[in-house]
Structure formats: C-alpha cells, structure tokens
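Asks: below are the sequence and a predicted model for it; my questions follow.
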Amino acid sequence: MAVDMSMPILIVDDYKTMLRIIRNLLKQLGFENVDEATDGSAALHKLREKNYGLVISDWNMEPMTGLQLLREVRADAKLKNLPFIMITAESKTENVIAAREAGVNNYIVKPFNADTLKQKLTAVLGSF
C-alpha cells in the first residue's frame, strides 16, 4: 500500500529550529501537510481536533515530555493506533525501552538527515 503523501503529519518540539529542520526534511521527502506543536499538551489538543497520519515528537520537552505525550496518545481510544516516531538526543537503552513499552513505532537519535528520516518513515508507514 502506498503512503498517502498528503496525509497530515504533526511534529512536536519545543525548539523552533528543530521544527523547521524536521518540516524541511519532510518536505524534501514529499510531505507537504505538516502541522507543528511546541509542547505535548498543545500536541494532544491538535491530535484530538484533527485526524493525523503520523506524529513525530521530541522526547525532551516541558511541561509534558514526548514520552508522556506518547502515553496519552496510546491511552486514547481514538488515537491509540496513530503511528508515533520519537526523536531524542540521547540513545540511552532505558529510554528506548521506556518508549517501546509505551508503544512507540520508531525512534530517531539526533542528529539525523533525510535518509535516516525516510528509513524510519518507511519502517512505520511502508514505502513511498
């Protein structure tokens, strides 16, 4: 099944520069329909307002972390099957395990490029 390149994607990061980088990488890969949130609670609000095809979230945010956002998404009957990719600067084994246990679909360690993002997206969404 081909990936719907027009599906809405929500990127979540409290660092504006990172939002811009991820948006540009997604655009390079052909995804144009990208929304942004600067923290987990804003992201949760957007997720409940609109049907997204994917969430790409930073781990380290205040007041709600990416892991807390992931847990909220997985606990919500409407959102629980939403593909979720976590981005972090740390590749600590316990973080990877915690994210897996919470139901993350994939994990990206910063810094990363369009090729890495495409590999992770393909693993989660299928080829495009």
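Replies: Here it is on my side, so go on.

Asks: just the CA trace of the least confident helix or strand in the chain by mean pLDDT, in PDB.
Replies: With mean pLDDT, DSSP states H and E as the measure, the helix or strand of the chain carrying the lowest mean pLDDT is helix 93-102 (a mean of 93). Backbone C-alpha positions of helix 93-102 (Å, rounded to 0.1, in the frame of the first residue of the first chain) are rendered in PDB as follows:
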ATOM      1  CA  THR A  93      18.900   2.000  26.400                       C
ATOM      2  CA  GLU A  94      16.400   2.700  29.200                       C
ATOM      3  CA  ASN A  95      14.800   5.500  27.100                       C
ATOM      4  CA  VAL A  96      14.500   3.200  24.100                       C
ATOM      5  CA  ILE A  97      12.900   0.500  26.300                       C
ATOM      6  CA  ALA A  98      10.600   3.000  28.000                       C
ATOM      7  CA  ALA A  99       9.400   4.300  24.600                       C
ATOM      8  CA  ARG A 100       8.900   0.800  23.200                       C
ATOM      9  CA  GLU A 101       6.900  -0.200  26.300                       C
ATOM     10  CA  ALA A 102       4.800   2.900  25.900                       C
END
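
Asks: just name whatever secondary elements it is in contact with.
Replies: Packed against helix 93-102, as judged by 3 or more C-beta pairs under 8 Å, 6 or more residues apart in numbering; DSSP states H and E, are the following elements: helix 66-75. The way it works is simple: take the backbone N, C-alpha and C, and place the C-beta from them, glycine included.

Asks: could you look up the SS state of the residue nearest the centre of the chain?
Replies: With distances taken as C-alpha atoms, centre = their mean, the chain has Ile56 as the residue nearest its mean C-alpha position (1.1 Å). Remark: Ile56 carries the secondary structure label strand [criterion: DSSP: H, G, I helix; E, B strand; the rest coil].

Asks: show me the beta-bridge partners of it.
Replies: Partner residues in beta bridges with Ile56, using DSSP bridges, are Ile11, Ile85.

Asks: what bits of this structure have low per-residue confidence?
Replies: Low-confidence segments of the chain, defined by pLDDT under 70: 1.
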